[in-house]
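Student: Sequence first, then the predicted structure, then my questions.
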Amino acid sequence: MEQRVETVSLRQFSDRDKIFLLNELGFQTDGKFVLDEKGEVLKDKYIGVPVTLKNMLIFPGSTVILDDNEISITLYINEYGDKF
Amino acid sequence: MNMGINSENSIKDFGEGLGKGISDSIIQNGINGIKALAEKFKKGGLAFIQERSTIDKAKELLNSNEHLFYCTYIEDKEKQTLCVLGLTLRRLDSESQIERRDKLIQKIKNKYGINKLHISYLVQSGVLSRYLTNLLENIENSSLMKEKLGNLLNNLDKFVYFVPSGLGIDYLVNAIKTKITANSPEIFIISGMGTAVEAVSNSFNQIKAEIFTEYIFEIYSSENREIIILNKKD
């Protein structure tokens, strides 16, 4: 049986909390977009759109940061299994 | 940019999905609380989301009977994904989440292209499930079913007409006539949703008289959709 993860909603986080969290996970932001370790805008691996601070999902699996949309969530579950 | 964190109550509530597994002391603990969450994430015990309902919806639809039914006859993974996205569009419609639905449509179109978006429309509108039911009644061989379904999904523009809203009856009838004359399909599907329902319904008798002497037709009607499936007579 797939080990379930707990979920935490970022809706309750202030921008400063989100920025701190990203830093703790090795990422940055320019205030709007999430940036990777090289400082480049991070793109959702499934649909290719830039991931924003406002709309990001952070999933386990060597830290998968995605845009909050049904395509990415569905494809994540297909690739990594239902962890939720 | 000032990235300093105000430790005074910068974290009020982690919201949905947070069970008692993460203690209240973490929630109250500002920067240390976030660090603790980050550590738990790194150990694989946590995910940071927006709305829990979006995750639950995706899971529910992936495990739905309708999706599992499609997966029986559709082996292509991308088409399976397009089917579940069609179910998602239908769910967003039923919940009147129009803005979210329209954003999803745009994302599907951007990622997969307009032709594959039509596969999701086929599911959203209920056409695919009715088409499969139609096939099940007429074909016993599973391989042949998969072949016919694959042919439909790879050639939607030849076999399906999604009626846009605001179309006049004469234009609609001519458009359908042109498609059927050009391809002489064994099966042809006309789908109208929302404001197009009335056009499909009102044009039916004219379509029947002018075009469908060669076809047997089945009609599926509900408040918000009208689907006509035509099967060529043997």
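Tutor: On my side now, so go ahead. Numbers count the residues shown, from 1 in each chain, chains lettered A, B, ... in the order given.

Student: where does chain B have low pLDDT?
Tutor: B:1-29, B:212 (pLDDT under 70).

Student: all helices of chain B, in order?
Tutor: B:24-27, B:30-42, B:52-62, B:65-73, B:77-94, B:98-112, B:114-124, B:127-138, B:142-154, B:156-159, B:169-183, B:197-210 (DSSP state H).

Student: For residue A:81, which of the ones you listed is the nearest?
Tutor: Residue A:81 lies closest, by Cβ to Cβ, to one member of the helices of chain B: helix B:52-62, at 11.1 Å. Backbone N, C-alpha and C define where each C-beta goes, glycine included.

Student: by contact count, what packs against that closest one?
Tutor: Here helix B:52-62 touches strand A:6-9, helix A:70-80, helix B:77-94, going by 3 or more Cβ pairs under 8 Å, 6 or more residues apart in numbering or on different chains; DSSP states H and E.

Student: Low-confidence regions, chain A specifically.
Tutor: Scanning chain A for pLDDT under 70 picks out A:1-2.

Student: show me where it has strands.
Tutor: A:6-9, A:28-29, A:34-35, A:56-59, A:64-67 (DSSP state E).

Student: Of those strands, flag the one that's most buried.
Tutor: strand A:56-59 (a mean of 24; mean count of other Cβ atoms under 10 Å in any protein chain shown).

Student: which outside residues touch that one?
Tutor: A:10, A:18, A:21, A:25, A:34, A:64-68, A:72-73, A:76, A:80, A:83, B:41, B:47-50 (Cβ atoms under 8 Å, 6 or more residues apart in numbering or on different chains).

Student: cutoff 6 Å now
Tutor: Residues from elsewhere that reach strand A:56-59 (Cβ atoms under 6 Å, 6 or more residues apart in numbering or on different chains): A:34, A:65, A:66, A:68, A:76, B:47, B:48, B:49.

Student: Now do the contacts for the most centrally placed residue in chain B.
Tutor: Nearest to the mean C-alpha position of chain B, counting by Cα atoms, centre = their mean, stands residue B:86 at 0.6 Å. Listed by Cβ under 6 Å, 6+ apart, the contact partners of residue B:86 are B:120, B:123, B:124.

Student: Generate a ChimeraX selection restricted to the buried subset of those residues.
Tutor: Remark: buried members of the contacts of residue B:86, expressed as a ChimeraX selection using 16 or more other Cβ atoms under 10 Å in any protein chain shown:
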select /B:120,123,124
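
Student: okay, the contacts of residue B:86 in JSON lines with distance to residue B:108 next?
Tutor: As requested, those are exported to JSON lines (distance: Cβ to Cβ, whole Å):
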{"residue": "B:120", "distance to residue B:108": "6"}
{"residue": "B:123", "distance to residue B:108": "11"}
{"residue": "B:124", "distance to residue B:108": "10"}
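
Student: domains of chain B?
Tutor: B:7-48, B:156-234 (automatic domain parsing).

Student: that older thread, let me have the helices and strands packed on helix B:52-62 in a markdown table, adding distance to residue B:131 as columns.
Tutor: Listed next are the helices and strands packed on helix B:52-62 as a markdown table, based on distance: least, Cβ to Cβ, whole Å:
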| stretch | distance to residue B:131 |
| --- | --- |
| strand A:6-9 | 37 |
| helix A:70-80 | 23 |
| helix B:77-94 | 12 |
